[in-house]
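[1] no FASTA, just this:
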């Protein structure tokens with residue numbers, strides 16, 4: 001069997017360090033253009049859920065499983081430090097849970113098997129052909145990056161960024177795939193988190209969030 005030769009890393013302009021971090025440090029594919037986006041379906045797929053529901057599912061993830069928060073652009077948090085201290089469920093509108101590539105195609109059948117398929121859940125999967133906004137790498141100040149990089153160590157070749165942040169960032173030099181929830185983990189084989197338990201928990205919490213929001217709505221009078 002011939003050894004697999006990795007694809008060469010493409011040279012990047014020095015003014016684009018955020019894209020360079022993802023492509024060269026992590027080996028993740030990015031989408032051309034600005035703001036910088038990460039291609040799904042290659043190294044990972046993404047579960048997009050309300051942060052309130054995602055928080056309850058974190059126990060089903062390994063410590064190295066990347067998780068990101070995405071704040072609504074229409075209502076950004078004024079104090080990023082407070083968002084981290086007071087908890088993602090309050091300030092992070094959406095949570096992105098990275099799962100094994102191919103999971104997006106499995107999600108509809110999995111929800112049916114778990115008897116959640118008949119309900120409208122605020123749960124979507126992003127797979128091949130999709131992408132997500134690239135969260136800022138750890139250590140990068142939140143908020144738009146200036147064109148000349150004034151006040152930061154990261155010039156703004158990939159900016160503006162800042163709506164998405166890592167709650168559990170990926171680790172450079174470590175393959176992400178072994179840490180991602182997958183169907184092959186059912187039954188406890190290997191060390192990967194179990195995708196079935198993760199989806200069941202997320203679906204349960206999404207349903208509870210939906211019920212709470214419905215109860216919080218003022219009654220309609222005719």
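    That came in fine, so what should we check first? These numbers come from a predicted model, not from an experiment.
[2] need the residues that contact the top helix by length along the chain.
    Longest among the helix segments of the chain by residue count, using DSSP state H, is helix 195-216. For helix 195-216, contacts defined as CB atoms under 8 Å, 6 or more residues apart in numbering pick out 47, 49-50, 52-54, 56-57, 60-61, 97, 99-100, 103, 106-107, 110-111, 114, 116, 119-123, 181-183, 185-186. Using the backbone N, CA and C atoms, a C-beta is placed for each residue, glycine as well.
[3] which of those are buried?
    Among the contacts of helix 195-216, those buried by neighbour count (16 or more other CB atoms under 10 Å) are 47, 49-50, 52-54, 56-57, 60-61, 97, 99-100, 103, 106-107, 110-111, 116, 121-123, 181-183, 185.
[4] in strands, which of these appear?
    Using DSSP state E, the subset of those located in strands is 47, 49, 50, 97, 99.
[5] where does the nearest residue to residue 173 once chain neighbours are set aside sit: helix, strand or coil?
    Closest residue to residue 173 apart from its sequence neighbours, by CB to CB, 6 or more residues apart in numbering: residue 25 at 7.6 Å. Secondary structure for residue 25, judged by DSSP: H, G, I helix; E, B strand; the rest coil, is helix.
[6] touching, residue 25 and residue 174? I think so.
    No: the criterion here is CB atoms under 8 Å, and residue 25 misses it with residue 174 at 10.3 Å.
[7] looking at the two, which is more packed in?
    residue 25 (15 against 11; other CB atoms under 10 Å).
[8] mind checking which helix or strand of this protein has the lowest mean pLDDT?
    helix 80-86 (a mean of 39; mean pLDDT, DSSP states H and E).
[9] quick one: low-confidence ranges for the protein?
    1-15, 72-92, 141-162, 185-191, 217, 219-222 (pLDDT under 70).
[10] that one: helices as residue ranges?
    17-20, 51-57, 80-86, 88-91, 103-113, 195-216.
[11] want to throw the ones you listed into CSV with distance to residue 43?
    Output for the helices of the chain, formatted as CSV (distance: least, CB to CB, whole Å):
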stretch, distance to residue 43
helix 17-20, 15
helix 51-57, 20
helix 80-86, 26
helix 88-91, 23
helix 103-113, 12
helix 195-216, 16
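[12] residue 132 is nearest to which of the ones you listed?
    helix 103-113 (12.0 Å; CB to CB).
[13] what's the angle from the closest one to helix 195-216?
    Inter-element angle recorded for helix 103-113 and helix 195-216: 70 degrees (by axes from the mean of the first three to the mean of the last three CA atoms, to 10 degrees).
[14] counting contacts, what elements does helix 103-113 pack onto?
    Judged by 3 or more CB pairs under 8 Å, 6 or more residues apart in numbering; DSSP states H and E, helix 103-113 is in contact with strand 45-50, strand 124-126, helix 195-216.
[15] deepest of those, which one?
    strand 45-50 (a mean of 23; mean count of other CB atoms under 10 Å).
[16] check what contacts that strand and list those residues.
    40, 57, 93-104, 107, 122-128, 130, 132, 198-199, 202, 205-206, 209.
[17] try stretch 30-44
    Identification of contacts with stretch 30-44 by CB under 8 Å, 6+ apart yields 18-19, 22-23, 27-29, 46, 66, 98-102, 104, 126-134, 158-161, 176-177, 180.
[18] just the buried ones from those residues, in ChimeraX syntax?
    This is the ChimeraX syntax for the buried subset of the contacts of stretch 30-44, where burial follows 16+ other CB under 10 Å:
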select :18,19,22,23,27,28,46,66,98,99,100,101,104,126,127,130,131,132,133,134,158,159,161,176,180
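[19] kind regards, and thank you for your time.
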